[in-house]
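Student: pasting a predicted model and its sequence here:
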Amino acid sequence: MLKKERHDFIMRQINLHNRVLTSDLVQLLNVSEDTIRRDLQELVDENLLYKVHGGALSKSYHSSFDDSTVYARDSKIAIGKKAVQLIKDGMVVLTGGGTTILEFVKLLPQGLSATFFTISPLVAVELAKYNNIEVILIGGLFSKNSQVTYGGQVITQLSEIKADLCLMGTSAIHPEEGLTDTYWEINQLKKAMLACAKRTGVLCISEKLDIALRLRVCPIESISYLITELDVEHESLSRYREKELNIL
């Protein structure tokens, strides 16, 4: 594979999953670790990503104020508009982090009166712009990779919440393998979030459909809503409709 092809592949992985591991790229591209490190450094020099220990992070994942770096932003806005339909006055809502959740939060009605718990400081900053929304940021260890709080303290706090709705993004979703992730701490965090909500909505651009990563969060049947930018009758969603998911 040519260097440009490797760079394009790395950026696609970054855009889809917000972060990549060097070890995963070595296996996926069948090249040496030194080659991947050089590729990542060249992409850093081009100001396309952030290099961190063990891998790299998307630039769009680190700021809620620069919309120009958000991958597939139009799709994420379309998803956000659909997700807003689920929100009613008086609800208790729990959210994860990520750029799709941020686009959803920016589209909430100005007069909405609700309580939002979140594990994402960036999401909390956006929610704080609404006068009638009570914002509760769940504190704990802070993941530089995922830009959310995590760990035993966070999971304990989540166990005390009874949310009407949990909304989260995902790195991957598959009709048979369900919701999956790459990182153990995020996997455990999402399990705890699912357990404390009556209903769960997964916000997912269509490029993440039919992908399964190494760690399972939950089966597809544990999800109440799958929210994508696609029309609900799109052929890409046919296997998900068979699971009797509520698709928006």
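Tutor: Good, I have the coordinates.
Student: buried residues in the lengthiest helix in the chain?
Tutor: Among the elements of type helix in the chain, defined by DSSP state H, the one spanning the most residues is helix 3-17. For helix 3-17, a neighbour-count test (16 or more other C-beta atoms under 10 Å) marks Arg6, His7, Phe9, Ile10, Met11, Gln13, Ile14, Asn15, Leu16, His17 as buried. (C-beta placed from N, C-alpha, C; glycine too.)
Student: stretch 77-86 now?
Tutor: By neighbour count on 16+ other C-beta under 10 Å, the buried set for stretch 77-86 is Ile77, Ala78, Ile79, Gly80, Lys82, Ala83, Leu86.
Student: got the phi and psi for the fifth one?
Tutor: With angles defined as degrees, to the nearest 10, Lys82 shows backbone torsions of phi -70, psi -40.
Student: from Arg19, how far off is the residue sitting nearest the centre point of the chain?
Tutor: Centre of the chain computed as the mean C-alpha position; nearest residue by C-alpha atoms, centre = their mean is Gly169, 3.0 Å away. From Gly169 over to Arg19 the distance is 13 Å, taken as C-beta to C-beta, to the nearest Å.
Student: shared neighbours, those two?
Tutor: Between them, Gly169 and Arg19 have no joint contacts when contacts are counted by C-beta atoms under 8 Å, 6 or more residues apart in numbering.
Student: before we move on, the earlier item: after the longest helix of the chain, which helix or strand is next?
Tutor: The first helix or strand that comes after helix 3-17 along the chain, using DSSP states H and E, is strand 19-21.
Student: which members of the buried residues of stretch 77-86 are the farthest-apart pair?
Tutor: Ile77 and Leu86 (16.0 Å; C-beta to C-beta).
Student: so what does the longest helix of the chain touch, helix or strand wise?
Tutor: With contacts defined as 3 or more C-beta pairs under 8 Å, 6 or more residues apart in numbering; DSSP states H and E, helix 3-17 has these neighbours: strand 19-21, helix 22-29, helix 33-45, strand 55-58.
Student: rerun that using 10 Å as the cut-off
Tutor: Taking 3 or more C-beta pairs under 10 Å, 6 or more residues apart in numbering; DSSP states H and E as the contact definition, the neighbouring helices and strands of helix 3-17 are strand 19-21, helix 22-29, helix 33-45, strand 49-52, strand 55-58.
Student: the inter-axis angle of it versus helix 33-45?
Tutor: Regarding helix 3-17 and helix 33-45, their directions subtend 70 degrees when assessed with axes from the mean of the first three to the mean of the last three C-alpha atoms, to 10 degrees.
Student: tell me the mean pLDDT over helix 3-17?
Tutor: When pLDDT is averaged over helix 3-17, the result is 86.
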